[in-house]
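A.B. asks: here is the input, now give the coordinates:
(2 chains)
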Amino acid sequence: GQQLNQSPQSMFIQEGEDVSMNCTSSSIFNTWLWYKQEPGEGPVLLIALYKAGELTSNGRLTAQFGITRKDSFLNISASIPSDVGIYFCAGPNAGGTSYGKLTFGQGTILTVHP
Amino acid sequence: EPEVTQTPSHQVTQMGQEVILRCVPISNHLYFYWYRQILGQKVEFLVSFYNNEISEKSEIFDDQFSVERPDGSNFTLKIRSTKLEDSAMYFCASSVEPAGAGELFFGEGSRLTVL
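C.D. replies: All right, here's what the predicted structure looks like:
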């Protein structure tokens, strides 16, 4: 099946630093989604990307849909302690029906030191 | 803000017992899903449900699993005879449009512990 590989697996940064994480796939995705999960909660959608090459921002977050449709990155600028959590990339399986079968990456664990 | 609600938040059960996890999706949503997350691992798709029937299911969703929308508001996941490896966080989600075309809203999850 389709797989998404995220890197890095974890990051330990100081408050105020910028963060960059990415997601790659061996197959094409037509949509890229970035979710954040905080402890004890469900994933929350941060940014959705629907077109190759698209660059979208949501406050301090910026994400891009790679031209090849096989990768995406998420940047967080000027990190703050509440950015702590696990960041997942996800995408609907291509080819078949997309009734909700999202494939998730393994996640990037972000720790922000004040 | 409307949200997906799940009950119970945590259930502990003995191996072999039946478990029902309940979800109330957002009221105007049409697509409903169950995902699970084993501790420390990624979120995995179980099943999607639309128009009162299963649209798609993963290989994890075997004969021990079933879903039901018994009334206009609830969406349930039943595990007939739980196994140790069913221990996980189970997330319900719903959306107005199919995933990939729109946003999936996730509930806070139900933690299942099988002893």
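A.B. asks: which residues of the chain fall in strands?
C.D. replies: I'll assume chain A. Remark: strands assigned in chain A by DSSP state E are A:4-7, A:10-14, A:19-25, A:32-37, A:44-49, A:55-58, A:61-65, A:71-76, A:85-92, A:102-104, A:108-113.
A.B. asks: hmm, I had chain B in mind actually
C.D. replies: Using DSSP E, strands in chain B cover B:5-7, B:10-13, B:19-24, B:31-37, B:43-50, B:53-57, B:65-68, B:75-79, B:88-95, B:105-106, B:110-114.
A.B. asks: between those strands, which gets nearest to A:Asn75?
C.D. replies: strand B:43-50 (22.1 Å; Cβ to Cβ). The way it works is simple: take the backbone N, C-alpha and C, and place the C-beta from them, glycine included.
A.B. asks: which outside residues touch that closest one?
C.D. replies: Contacts with strand B:43-50, where a contact means Cβ atoms under 8 Å, 6 or more residues apart in numbering or on different chains, come from A:37, A:43, A:88, A:90, A:99-104, B:30-38, B:54-58, B:60-61, B:65, B:67, B:69, B:75, B:77, B:90-91, B:98-99.
A.B. asks: returning to that earlier point: could you export the strands of chain B as TSV, including mean neighbour count and mean pLDDT?
C.D. replies: Compiled in TSV, the strands of chain B are given as follows (neighbours: other Cβ atoms under 10 Å in any protein chain shown; pLDDT from 0 to 100):
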stretch	mean neighbour count	mean pLDDT
strand B:5-7	17	96
strand B:10-13	14	97
strand B:19-24	19	97
strand B:31-37	25	95
strand B:43-50	23	93
strand B:53-57	15	91
strand B:65-68	17	96
strand B:75-79	19	97
strand B:88-95	25	95
strand B:105-106	22	92
strand B:110-114	19	97
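A.B. asks: that's all I had, so thanks and see you.
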